[in-house]
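Asker: mind looking at a prediction? Sequence and model below.
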Amino acid sequence: MQLLTIDEAFDRATGHKSLLLGNGFSMAFDRNIFSYGSLFSKADFTGVEHIPHLFEALQTRDFEAVIRFLIKLQSIIEIYDSISEELFAVIAEDIEKVKNALASSVANNHPPLPFSVTDEQYRHCRAFLRNFRKIYTLNYDVLLYWALMHDDVDDEPMRSDDGFRHPEGNEDAPYVSWQSAHSPSVFYMHGALHLFDAGHEITKYTWSKTRVPIVEQIRSALDEEKYPLFVSEGHSHEKLDKIMHNAYLHKALRSFSSIGGSLFVFGHSFDDNDDHILNQIPQSAISKLFVGLFGNPNIPDNQQIIAKAQKLQKTRAAMPYKRAFELDFFDVSTAQVWG
């Protein structure tokens, strides 16, 4: 298979272009920070010293794989009448502890300041992002937020409205809140480090409101056992359930399912855990799908991506009253997202 360059893909695109970002976007900046192995090595399991043994027993460094196992374990032990409710409760607590360890690890492993990214890296990233009318990300980190906000490195404006504004009636609050009446162009589909569910509103930490670096604010919140809005459930259907019960996340999913034109997928493995997102692609109105691959198209990971994308294309083709979309694959390295 001959992969397109990113410029060739842009030339083939029709209509408005949308972008779906996976963890490859962040790993392209620094694989040593944003890989699951790196996150595990920096995780703080103080007070829950038995949790690392779960990772060892399952021979993984993938937080979501451990969460999936524990959820399955709950389902299995429910079958046995002799299993105590206490054990079931312990497993439920461990699920939350693994989720919280993931949030803490992402925050503690994260570059501390926007200036950890060079101006040249920002320019490259913003040049890439500027091609898209709407941006959807599955990443928890604030790299995308930094890049969109760092408008002092170039003279070209970017349309990057995430729907957050000063809280109505509380304009002096040290945060901004999501206002559902707006039409955002940027969506954090699985939440993010700087987003918090306060119950009555979704809030976002910012530098402009406090003059305190965002990552520092997040770490302070974690110290107070306040955890960011993360969709880190083990299975796709459980992630969907959490999304459907959160107004912000639900709107993000609805927006994604209604896009048209051309969709570009960058840095995503097409893992089954994200089927709740991927299955929206055939439901959408897109006419072209461009999927990014890293390295040789024939390696197993890329073959899995290709097969999954082709399956989505076949699903659309079989749908009545919808036209099939075209499918192409591009070499993500040609995008030079971070230079």
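Answerer: In hand now; what should we look at?
Asker: CA only for contacts and neighbour counts going forward, please
Answerer: Fine.
Asker: pick out the residue nearest the middle of this protein.
Answerer: The residue lying closest to the centre of the chain (C-alpha atoms, centre = their mean) is Leu138, at 1.4 Å.
Asker: per-residue confidence at the closest residue to His190 other than its chain neighbours?
Answerer: The shortest distance from His190 to any non-neighbouring residue, by C-alpha to C-alpha, 6 or more residues apart in numbering, is to Val231 (4.8 Å). Here, the pLDDT recorded for Val231 equals 90.
Asker: burial of Val231, as a residue count?
Answerer: Using other C-alpha atoms under 10 Å, Val231 has 21 other residues around it.
Asker: distance of it from Asn100?
Answerer: 11 Å (C-alpha to C-alpha, to the nearest Å).
Asker: can you check Ala173 too?
Answerer: 26 Å.
Asker: hmm, the residue nearest to His190 is touching Lys239, no?
Answerer: Yes - Val231 is in contact with Lys239 according to C-alpha atoms under 8 Å; the separation is 6.0 Å.
Asker: ranges for the helices of the stretch 1-150 of the chain?
Answerer: 6-12, 23-27, 31-34, 36-41, 51-58, 63-77, 85-109, 119-129, 143-149 (DSSP state H, counting those that start in this stretch).
Asker: chain center to the shortest one: distance?
Answerer: In this case it means helix 31-34. 15 Å (C-alpha atoms, centre = their mean, to the nearest Å).
Asker: which secondary structure elements does that helix sit against?
Answerer: When contacts are defined as 3 or more C-alpha pairs under 8 Å, 6 or more residues apart in numbering; DSSP states H and E, helix 31-34 sits against helix 23-27, helix 85-109.
Asker: ok, now with 7 Å
Answerer: On a contact count with 3 or more C-alpha pairs under 7 Å, 6 or more residues apart in numbering; DSSP states H and E, helix 31-34 meets no helix or strand.
Asker: show me what it is in contact with.
Answerer: Ser26, Met27, Ser38, Leu39, Asn109, His110 (C-alpha atoms under 7 Å, 6 or more residues apart in numbering).
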